[in-house]
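S.K.: coords please:
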Amino acid sequence: KNDLVDKPVLKPIHRDYSDYIQFKIKVESLEEIFASKLRAVIERKKCRDYFDLWKLTKMRFDGKKIKRIFLAKCALKNIEFEGKDQIFPPDLLETLKPYWERELGRLINPTPDIQRVLRDLKKALEFI
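M.R.: Numbering: from 1, shown residues only. The predicted model follows:
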């Protein structure tokens, strides 16, 4: 990727067998991934992006760092962030609902309730 803002972090790979060697790999930070998903929901309104964001909010994260990275990522693509209405436009539920089960149902069972996901997300993203 050419738009990394945060430094990659080294993470150990989980080993199931003791005879496997231990090693670490460079990965994007949680905050980088989170910020990328935030920018994605501004660029396109896809069920998977909102679901991924919802799952990310269940993890421990640094909201200030995410906001800084998110704004930098927006600037890289000449996107001006004007507020949460870009993430949660008034017609979002109507936009996503027809595709929610079809796009997520083959990946997740049971599919979470879309209204709950959006409600949880709005609360979790108050730092933006």
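S.K.: contacting residues around residue 22?
M.R.: When contacts are counted by C-beta atoms under 8 Å, 6 or more residues apart in numbering, residue 22 touches 12-13, 15. Any C-beta I mention is one placed from the backbone N, CA and C, and that applies to glycine too.
S.K.: next one: residue 48
M.R.: Counting by C-beta under 8 Å, 6+ apart, residue 48 touches 103-104, 107.
S.K.: For PyMOL, write the select line for the buried members of those.
M.R.: To isolate the buried members of these in PyMOL, using 16 or more other C-beta atoms under 10 Å:
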select buried, resi 103+104
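S.K.: Could you point out which residue ranges in this structure have low pLDDT?
M.R.: 1 (pLDDT under 70).
S.K.: What ranges does it have for its helices?
M.R.: According to DSSP state H, the chain carries its helices in the segments 30-43, 47-56, 63-76, 92-105, 114-124.
S.K.: most tightly surrounded among those helices?
M.R.: Per-stretch averages of neighbours, counted by mean count of other C-beta atoms under 10 Å, single out helix 30-43 among those, with a mean of 20.
S.K.: elements contacting that helix?
M.R.: If contacts are counted by 3 or more C-beta pairs under 8 Å, 6 or more residues apart in numbering; DSSP states H and E, helix 30-43 sits against helix 47-56, helix 63-76.
S.K.: Measure how it sits relative to helix 114-124, angle-wise.
M.R.: Here helix 30-43 runs at an angle of 120 degrees relative to helix 114-124 (axes from the mean of the first three to the mean of the last three C-alpha atoms, to 10 degrees).
S.K.: Need the residues that contact helix 30-43.
M.R.: Outside helix 30-43, the residues that reach it (C-beta under 8 Å, 6+ apart) are 3-6, 28, 46, 49-50, 52-53, 56, 59, 61-62, 65-66, 69-70, 72-74, 77, 79, 81, 86-87, 125, 128.
S.K.: Mind checking which of the contacts of residue 22 are buried?
M.R.: In the contacts of residue 22, nothing passes as buried (16+ other C-beta under 10 Å).
S.K.: contacting residues for residue 124?
M.R.: Residue 124 neighbours (C-beta under 8 Å, 6+ apart): 54, 57.
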